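Asker: what's the 3D shape of this:
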Amino acid sequence: MTIGEYKEKTFLRNCIESILNQTYKDFELIIVDDMSTDTSVNTILNYMNEDKRVHLIENERKRYNGGSRNVGIEYALENLDFDYFCFLDSDDWWKHNKVLENINKRLYNHEMLTMACEMINKKGIMYTSINKPVCYEDLYSINNNLWCTAWARVIRKDKIVYFCENSLMEDRVWTYRLADNLDFNNVINIPDTCYCWNRMNTTQSVSQVRSDFWNASAYCHIGHQKQLISELKHKEMIPILEERIKECIKRVKAGIYEQY
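Answerer: Sure thing, here's the model as predicted:
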């Protein structure tokens, strides 16, 4: 999908169509609506009427990103026949229509596949390619913040882990917990730029708009990280996580905390 193609559509439509227009067709698309107040549900219903692969789940209470992803995970495991999970945020999209085809050619039953992506800034300029790990340890390295996201990776369903809920900061702990559940020798990276990370919507993003809930989430996030230390099987991750916790606490105390 090019710059010109998304300018006349909503971010949600861009996201959905970038999936449905893939040349690889053997997938199911689960969309979780987290109590939206706009026309999102009607938009999704229109796609459902045209494509049986689209599934809509409407949350009955606010679940935020982590809880909504858990809802999708549970629905997939209970209702669908599939092999891998892959997440997209609703304002992002696949870069071109052969992304899933290229991914499928490389999976070979690997536990996880990671991919490169591009960031689009708030002016709509696609200016950099990110998320190209040198080695698999980069998945949890303190110097590689951008890997701690739910997107830009494909996870074999038997390796999936659930997200922290009741927080706006769910990706970091999930990434560590997922890495702890993997054999790093069975993880593959493809350098192809597949995912478009859209930052044009930062004025509305929960990761950018500060609130009391955001501040509470910062402390909750620190607590989740501390709890995770006692659970880790990959003990080499512990000192890295401990250093990250120290940095998180320092930022909270300074009042400059971001999702770190």
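
Asker: Can you report how many residues neighbour A150?
Answerer: A150: 20 surrounding residues under other Cβ atoms under 10 Å. All C-beta atoms are positioned from the backbone trio N, CA, C, and that covers glycine.

Asker: Quickly note the distance from it to Y162.
Answerer: Remark: distance between A150 and Y162 (Cβ to Cβ, to the nearest Å) = 11 Å.

Asker: what does T23 give?
Answerer: According to Cβ to Cβ, T23 stands 31 Å off from Y162.

Asker: T193 too?
Answerer: Separation of T193 from Y162 (Cβ to Cβ) stands at 29 Å.

Asker: again, but for E118
Answerer: 29 Å.

Asker: Looking at T23 and Y162, which is more packed in?
Answerer: Between T23 and Y162, Y162 has the larger neighbour count (other Cβ under 10 Å), namely 15 against 11.

Asker: so the more buried one sits in a helix?
Answerer: No - counting by DSSP: H, G, I helix; E, B strand; the rest coil, Y162 is located in no helix; its state is coil.

Asker: nearest spatial neighbour of the most centrally placed residue in the chain, skipping sequence neighbours?
Answerer: Residue closest to the average C-alpha location in the chain (Cα atoms, centre = their mean): A150, at 2.4 Å. What sits nearest to A150 in space, not counting adjacent residues and going by Cβ to Cβ, 6 or more residues apart in numbering, is F87, at 4.3 Å.

Asker: Report the contact partners of that neighbour.
Answerer: Each residue near F87 by Cβ atoms under 8 Å, 6 or more residues apart in numbering is listed here: R69, A150, W151, R153.

Asker: same thing but 7 Å
Answerer: R69, A150, W151 (Cβ atoms under 7 Å, 6 or more residues apart in numbering).

Asker: does the last one really touch L88, like I thought?
Answerer: Yes - in this structure, W151 sits in contact with L88. The criterion is Cβ atoms under 7 Å, and the distance is 5.8 Å.

Asker: Looking only at neighbour counts, state which of those two leads.
Answerer: Legend: neighbour count by other Cβ under 10 Å for W151 and L88, higher for L88 (19 against 16).

Asker: Which pLDDT value goes with that one?
Answerer: Predicted confidence (pLDDT) for L88: 95.

Asker: Could you check how far it is from N186?
Answerer: Taking Cβ to Cβ, one finds L88 at 24 Å from N186.

Asker: What segments of this structure are helices?
Answerer: 3-6, 11-20, 40-50, 64-79, 99-106, 171-180, 212-229, 238-254 (DSSP state H).

Asker: Pull the contacting residues for W151.
Answerer: Contact analysis of W151 by Cβ under 7 Å, 6+ apart lists F87, L88, D89, D92, Y195.

Asker: what bridges to the first one?
Answerer: Listed beta-bridge partners, F87: W151 (assigned using DSSP bridges).

Asker: let's have the chain start at 33 instead
Answerer: Understood, numbering begins at 33; the last thing we discussed is F119.

Asker: N97: neighbour count?
Answerer: Neighbour count for N97, taken as other Cβ under 10 Å: 24.

Asker: isn't it right up against E202?
Answerer: Yes - contact criterion Cβ under 7 Å: N97 and E202 qualify, at 5.5 Å.

Asker: shared neighbours of the two, anything?
Answerer: Overlap between the contact sets of N97 and E202, as judged by Cβ under 7 Å, 6+ apart, is nil.

Asker: Now for W126, how many residues are close by?
Answerer: 23.

Asker: Would you confirm that it contacts E49?
Answerer: No - using Cβ under 7 Å, W126 is not in contact with E49, being 9.5 Å away.

Asker: which neighbours do those two share?
Answerer: Joint contacts of W126 and E49 (Cβ under 7 Å, 6+ apart) do not exist.

Asker: so what pLDDT did the residue lying closest to H256 once chain neighbours are set aside get?
Answerer: Residue nearest to H256 in three dimensions, not counting chain neighbours: V205, with 4.5 Å by Cβ to Cβ, 6+ apart. We note a pLDDT of 88 for V205 in this prediction.
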